[in-house]
Each structure stands twice: as C-alpha cells, then as structure tokens.
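Predicted model, plus sequence, below.
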Amino acid sequence: MMRKYSFGLMAVLCLGINPAFASKATNFQIKLASPTTVDRQTVLYTCQGNGDAAKELFSRLPQKRVAVQYINADAVSLAVLPIEGHTQVFSNVIAADGAKYAAAQYVWWNKGNDAFFSSKMDDKALVTCHAVSK
C-alpha cells in the first residue's frame, strides 16, 4: 500500500529558504511506501569562492547565508536550496564519502559541517561552505 505525502509543503520549505520566491512554488507529491517517516532539517552555511571561476559560481548563491533544507524519507533524500533566486531540488546520488546531491548542472556535497558547491559546466569552480549556528 502506498501513502501519498504531500510535498505541497515545499511551499512552506521555500518560505524558510527565501520568502521572495516562495509564492511561486508548485506543489508536487512523491509516493512513498508506508509507513514512512519524513525527516526535515535546515542547515545554514556561510560560503566563499576563491578564484575567478569560483567567484562566478558563488554569485549564484545567496551572499550572506545559504539555507539548505534536507529532506529524507525512506529511499528519497533531497537537498533544497536557492540558486540564482530560484528553488532547486537536488536529489541524492552515489558518493564515496558524505552526502552528494545533484540538480541540473549543479552538485551540492556535504561532509560533516562542510559542504561544497560545484558545476559540471566548470570543473575548476568550487565553492566551499561551512555550517553556522542559526
């Protein structure tokens, strides 16, 4: 038996990330096997990009703090963060270490209190981030 968990609360998640674009959120559902517990955690990061390529990539993130919403439910693991003012939903992919997520050309990879933001369009660009207290 499958139970529908509404990720219509993605609109709510977006509110926690950036109210400016939360009203544009679209509801969607992911069918999960029941019973399934949905775990949500928001982590705030400060990030920096060194070098010209990294600085250009860094400009796509919010400049002060990046709020990342991690959603885990059974085999579904997502990271939701704002890229260029729009909500991007990253899906978990295989990683040798830490948790790695991908959306479009972007990769978000977190290991402990550190995270790394990169683009498959430019292998030289790497933004480093560190978790901070709320």
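Received, thanks. Everything numeric in this text was worked out from a predicted model, so none of it was measured.

now residue 51: how far from residue 86?
25 Å (CB to CB, to the nearest Å). In this view, the C-beta of every residue, glycine as well, is placed from N, C-alpha and C.

swap in residue 62?
From residue 62 to residue 86 the distance is 12 Å (CB to CB).

Counting neighbours, go ahead and name the busier of those two.
residue 62 (16 against 11; other CB atoms under 10 Å).

Dihedrals phi and psi, that one?
In terms of degrees, to the nearest 10, the main-chain angles of residue 62 are phi -60, psi 140.

how about stretch 44-58: buried residues?
45, 47, 49, 53, 54, 57, 58 (16 or more other CB atoms under 10 Å).

Compute the distance from the centre of it to the centre of its chain.
In terms of CA atoms, centre = their mean, to the nearest Å, the centre of stretch 44-58 is found 16 Å from the chain centre.

swap in stretch 126-134?
13 Å.

again, but for stretch 62-76
4 Å.

Next, the buried residues of it.
62, 66, 67, 68, 69, 70, 71, 72, 73, 76.

hmm, back to that, restricted to strands, list the buried residues of stretch 44-58.
Mapping these onto strands (DSSP state E) picks out 45, 47, 49.

show me the residues around the second one that make contact.
When you say that, I think you mean residue 47. 58, 61, 66, 115, 117, 127, 128, 129, 130 (CB atoms under 8 Å, 6 or more residues apart in numbering).

Of those, which is the nearest to residue 102?
Ranked by distance to residue 102 (CB to CB), those are led by residue 117 at 11.4 Å.

For the helix or strand hosting the closest one, what is the distance to the chain centroid?
In this assignment (DSSP states H and E), residue 117 forms part of strand 114-119. Mean-position distance between strand 114-119 and its chain equals 10 Å (CA atoms, centre = their mean).
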